[in-house]
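> following is a predicted model, sequence given first.
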Amino acid sequence: MRIIAKRTLREFWGSNPNYLESKMNIKPLKTEQDYDDALARINQLMDSESGSPEGDELDVLSVLVEKYEDLNYPVEAPNPIEAIRFKMEQFGLKDKDLVEYIGQSGRVSEVMSYKRKLTLTMIRNLEKGLNISAKSLIEDYELRV
């Protein structure tokens, strides 16, 4: 395998000896300045053709930026009620539209105002009816009494 890799690299470098010295200047993103520089370069490369050196640079920088953001700007998952509200907003639903998934209107009101927890039956109904991940619906959340 090593021989094949060396031969392939030699063949490639033979046709393009300056490839490693091209415009691609990739390095780990360690600081906020590195991150900002990478975002600016990504912006410059947005119209690059896939498979071109610029397109490859865009792909690599995108992965580095995504990893940096995951480590430095984590996004917390919404609690179950926030997840339901988000779906309601997407579908243009009102609390009364949840009756078929949660139960009578009083129960919907209690759940949506954090006074009652979702039951397993409610979670199943919401997952099936509104396509909300059961994983996000089973997360624990504080009641507001």
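Thanks, I have the structure now.

> scan this structure for its longest helix.
The single longest helix within the chain, with elements called by DSSP state H, is helix 53-72.

> give the other helices and strands that it contacts.
Where contact means 3 or more Cβ pairs under 8 Å, 6 or more residues apart in numbering; DSSP states H and E, helix 53-72 is packed against helix 32-45. Every residue, glycine included, has its C-beta placed from N, CA and C.

> and the helix it packs on with helix 53-72, angle?
If you take axes from the mean of the first three to the mean of the last three Cα atoms, to 10 degrees, helix 32-45 sits at 140 degrees to helix 53-72.

> output helix 32-45 in PDB with nothing but the alpha carbons.
Extracted in PDB, the C-alpha atoms of helix 32-45 (Å, rounded to 0.1, in the frame of the first residue of the first chain):
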ATOM      1  CA  GLU A  32     -10.500  33.500  17.200                       C
ATOM      2  CA  GLN A  33      -8.300  35.300  14.600                       C
ATOM      3  CA  ASP A  34      -7.600  31.900  12.900                       C
ATOM      4  CA  TYR A  35     -11.300  31.300  12.800                       C
ATOM      5  CA  ASP A  36     -12.100  34.800  11.400                       C
ATOM      6  CA  ASP A  37      -9.400  34.300   8.700                       C
ATOM      7  CA  ALA A  38     -10.800  30.900   7.800                       C
ATOM      8  CA  LEU A  39     -14.300  32.400   7.500                       C
ATOM      9  CA  ALA A  40     -13.000  35.200   5.300                       C
ATOM     10  CA  ARG A  41     -11.200  32.700   3.000                       C
ATOM     11  CA  ILE A  42     -14.300  30.500   2.800                       C
ATOM     12  CA  ASN A  43     -16.300  33.500   1.700                       C
ATOM     13  CA  GLN A  44     -13.700  34.100  -1.100                       C
ATOM     14  CA  LEU A  45     -13.900  30.400  -2.100                       C
END
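
> sorry, back to before: what is the rounded mean pLDDT of the longest helix of the chain?
In this model, helix 53-72 has an average pLDDT of 94.

> make 527 the starting number, not 1.
Sure thing, new numbering starts at 527, so read that last one as helix 579-598.

> CA atoms of the helix or strand just after that helix as PDB?
For helix 579-598, the following helix or strand on the C-terminal side (DSSP states H and E) is helix 606-617. C-alpha atoms of helix 606-617 as PDB (Å, rounded to 0.1, in the frame of the first residue of the first chain):
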ATOM      1  CA  PRO A 606     -39.000  19.200  24.800                       C
ATOM      2  CA  ILE A 607     -41.400  22.100  25.000                       C
ATOM      3  CA  GLU A 608     -39.100  24.300  22.900                       C
ATOM      4  CA  ALA A 609     -38.800  21.500  20.300                       C
ATOM      5  CA  ILE A 610     -42.600  21.300  20.200                       C
ATOM      6  CA  ARG A 611     -42.900  25.100  19.800                       C
ATOM      7  CA  PHE A 612     -40.400  25.100  17.000                       C
ATOM      8  CA  LYS A 613     -42.400  22.400  15.100                       C
ATOM      9  CA  MET A 614     -45.600  24.400  15.800                       C
ATOM     10  CA  GLU A 615     -44.000  27.500  14.300                       C
ATOM     11  CA  GLN A 616     -42.900  25.500  11.200                       C
ATOM     12  CA  PHE A 617     -46.300  24.100  10.600                       C
END
